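*Asks:* kindly return the folded structure for what I paste below:
(one chain, ligands or ions: 2)
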Amino acid sequence: MVETIRVNLKVNGKQYVLDIPPDERLIDTLRYRLGFTSVKEGCGRGECGSCIVLVNGLPRHSCLTLTATLDGAEILTVEGLAPEGKLHAIQVAFLETRGVQCGFCTPAFMLLTKALLDKTLDPSDEEIKQWLASAICRCGSYHYYFKAVRKAAEYLKKGKILFDEKEVRKNLYKLPLLR
Ligand code: FES
Ligand code: FES
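*Replies:* Residues are numbered from 1 along each chain as shown. Ligands and ions are numbered 1, 2, ... in the order given. Purely as a prediction, here's the structure:
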């Protein structure tokens with residue numbers, strides 16, 4: 001019989017009690033056990049950053065993290081940025097840049113943005129570059145993501161945190177184009 005370890009996790013605001021094998025990676029728990037498929041596996045060895053999620057508010061490579069080490073932790077994936085029917089300011093800002101191409105890296109970049117803007121709403125250009133350097137975008141959307149961080153900070157400073165998803169979808173092509 002495979003030995004399991006009991007782990008209490010809060011993921012996107014919901015509490016889970018899981019019995020998992022000690023060698024299960026966080027990325028597998030999130031994607032395959034809990035269904036949070038925004039978490040992407042690229043390299044599987046800590047290089048690409050596609051698997052980044054926030055653990056207790058800080059970015060963590062979920063491909064290099066064993067879930068069994070996280071008892072009591074709080075985890076955020078992109079699914080937890082906004083409730084059903086809403087979009088977070090960060091998601092809207094990323095949409096406004098129209099910079100997303102294949103989208104594989106985008107969840108990680110959104111979460112890096114969240115962690116940075118939780119720290120400061122006035123990051124320097126250098127700080128933004130440093131935070132975004134934690135993940136790789138093979139499509140080369142860095143320039144747009146940089147602008148998205150600035151735009152998201154603007155929204156958050158004005159207290160605009162959640163947007164109606166239907167309204168955003170309806171007006172997507174009327175939104176200012178951040179280029
Ligand atoms: S999949 Fe984790 S760093 Fe590439
Ligand atoms: S948008 Fe394709 S990898 Fe970043």
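
*Asks:* get me the contact residues on the protein for ligand 1.
*Replies:* Contact residues (C-beta under 6 Å from any ligand atom) of the chain with ligand 1: 41, 42, 43, 44, 46, 47, 48, 49, 50, 51, 61, 63. C-beta: built from backbone N, CA, C; applies to glycine.

*Asks:* among these, which one sits closest to residue 4?
*Replies:* Distance to residue 4, by C-beta to C-beta, is smallest for residue 63 among the residues of the chain next to ligand 1, at 20.7 Å.

*Asks:* could I get the phi/psi values of residue 56?
*Replies:* Note on residue 56: its backbone torsions stand at phi 50, psi 40 [degrees, to the nearest 10].

*Asks:* to clarify, my last question referred to residue 108.
*Replies:* phi -60, psi -40.

*Asks:* do I have it right that it meets residue 52?
*Replies:* Yes - if you go by C-beta atoms under 8 Å, residue 108 and residue 52 touch, sitting 4.0 Å apart.

*Asks:* what touches both of these two?
*Replies:* 134, 135 (C-beta atoms under 8 Å, 6 or more residues apart in numbering).

*Asks:* elements contacting whichever helix or strand residue 129 is part of?
*Replies:* Here residue 129 sits within helix 125-132, counting by DSSP states H and E. The contact analysis (3 or more C-beta pairs under 8 Å, 6 or more residues apart in numbering; DSSP states H and E) places helix 125-132 against helix 106-119, helix 142-157.
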